[in-house]
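Novice: Provided below for reference: sequence and predicted model.
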Amino acid sequence: MSNAIRYFKALSDETRLRLAYVLDRYELSVNELVSILEMGQSRVSRHLKILTEAGLLNSRRDGLWVFYSSVREGEGAAFLKAAMPFLDDDSEMHADVDMAARIIEDRALKTRQFFNTIAEHWDTLSREVLGGFDLAGAVCARMPEGCEVAVDLGCGTGLVLERMRGRARQIIGVDGSPRMLELSRRRLAGVEGEPENVSLRIGELSHLPLRDCEADFASINMVLHHLSNPENALAEIRRVLRPGGLLMAADFDRHNQERMRLDYGDLWLGFDEATMTKLLHSAGFEVVSCTRRPVEQELALNLTLARRL
């Protein structure tokens with residue numbers, strides 16, 4: 001059977017058309033798709049299996065959760081790119097996409113609420129995981145000499161920003177939690193030096209409050225695993241870095257500790273080196289180095305330094 005016939009057969013069902021259309025725009029879990037389609041899980045899973053076996057969907061297991069999205073490369077991707085526009089005028093398809101968008105927004109809202117709630121205890125929670133590892137020192141050690149503008153994205157309570165001072169002409173901290181930014185402000189106010197070289201900005205990683213090519217160096221530490229779409233965040237980081245600028249990304253290596261979702265608000269159970277490298281390459285970076293560092297609670301960090309192409 002040719003691939004084209006396989007694709008047409010897979011899409012010869014209204015439910016599978018709905019799944020293909022919404023998953024061409026968002027990566028969603030089985031439970032989220034059940035909510036959108038208002039169907040039983042076994043029925044939805046059966047349709048997902050058909051689309052995946054036909055080569056039109058990718059599945060990604062993350063702990064106990066399974067996420068689905070449309071394929072992005074090859075004949076299947078080309079077929080979907082040609083076929084999906086024919087559904088653009090269908091009101092039911094648009095309703096599914098609107099509900100999916102609300103689900104993604106709800107994920108982000110829950111993340112913000114989580115960090116606002118635990119902000120006062122975040123440093124303690126971080127120490128429980130990092131133990132004696134000096135993450136802020138590791139970040140600063142990778143800053144280039146003569147750095148003009150350094151940015152810490154998802155700056156939290158300002159631990160990394162505090163150490164960045166004196167190593168760059170200007171430092172910028174961005175976080176989506178007002179409470180976290182207030183704690184950063186308090187921490188930095190107690191440090192000797194010129195306070196005017198620090199800018200704290202509220203914003204989302206998908207729409208950073210920075211100009212194109214504004215920064216020489218960016219760090220994003222223990223943040224990507226909280227995001228629904230890390231690819232979008234990395235692409236946005238590339239936008240704000242000058243060509244040749246460096247990004248330091250520290251995040252958990254792949255693990256299977258489901259409790260991290262509840263205790264720390266994690267959406268992803270880490271990224272192995274290959275996955276992180278692929279994400280960075282797709283966003284327009286080349287990996288300079290990657291170092292694995294075991295920490296507490298049977299976890300490990302991957303410290304990845306990448307250069308903006």
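Specialist: Yep, it's here.

Novice: And the nearest residue to Leu224 once chain neighbours are set aside, how far from His255?
Specialist: Excluding the flanking residues, the one nearest Leu224 by C-beta to C-beta, 6 or more residues apart in numbering is Pro230, at 4.5 Å. No exception for glycine: its C-beta is placed from N, CA and C like everyone else's. Computed as C-beta to C-beta, to the nearest Å, the Pro230 to His255 distance reads 16 Å.

Novice: Who are the packing partners of the helix or strand of the chain with the lowest mean pLDDT?
Specialist: Ranked by mean pLDDT, DSSP states H and E, the weakest helix or strand in the chain is helix 259-264, scoring a mean of 85. Where contact means 3 or more C-beta pairs under 8 Å, 6 or more residues apart in numbering; DSSP states H and E, helix 259-264 is packed against helix 122-130.

Novice: List the contacts of the helix it packs on.
Specialist: 115, 118, 156-157, 159, 180, 183, 222, 263-264, 295-297, 299, 301 (C-beta atoms under 8 Å, 6 or more residues apart in numbering).

Novice: so how far is the helix or strand just after it off the chain centroid?
Specialist: For helix 122-130, the following helix or strand on the C-terminal side (DSSP states H and E) is helix 135-141. Here helix 135-141 shows a centroid-to-chain-centroid distance of 21 Å under the convention C-alpha atoms, centre = their mean, to the nearest Å.

Novice: which helices and strands does helix 135-141 pack with?
Specialist: helix 159-164, strand 215-221, strand 241-252.

Novice: Need the residues that contact the helix or strand in which Asn302 is found.
Specialist: Per DSSP H and E: Asn302 is located in strand 300-308. For strand 300-308, the surrounding residues in contact (C-beta under 8 Å, 6+ apart) are 130, 133, 135, 138, 142, 238, 241-253, 255, 271-273, 276-277, 280, 284-295.

Novice: Now do stretch 216-233: distance from first to last residue.
Specialist: Start-to-end span of stretch 216-233 (C-alpha to C-alpha, to the nearest Å) is 17 Å.

Novice: go on, stretch 231-248?
Specialist: 15 Å.

Novice: wait, which of the contacts of helix 122-130 is closest to Val97?
Specialist: Phe115 (27.7 Å; C-beta to C-beta).
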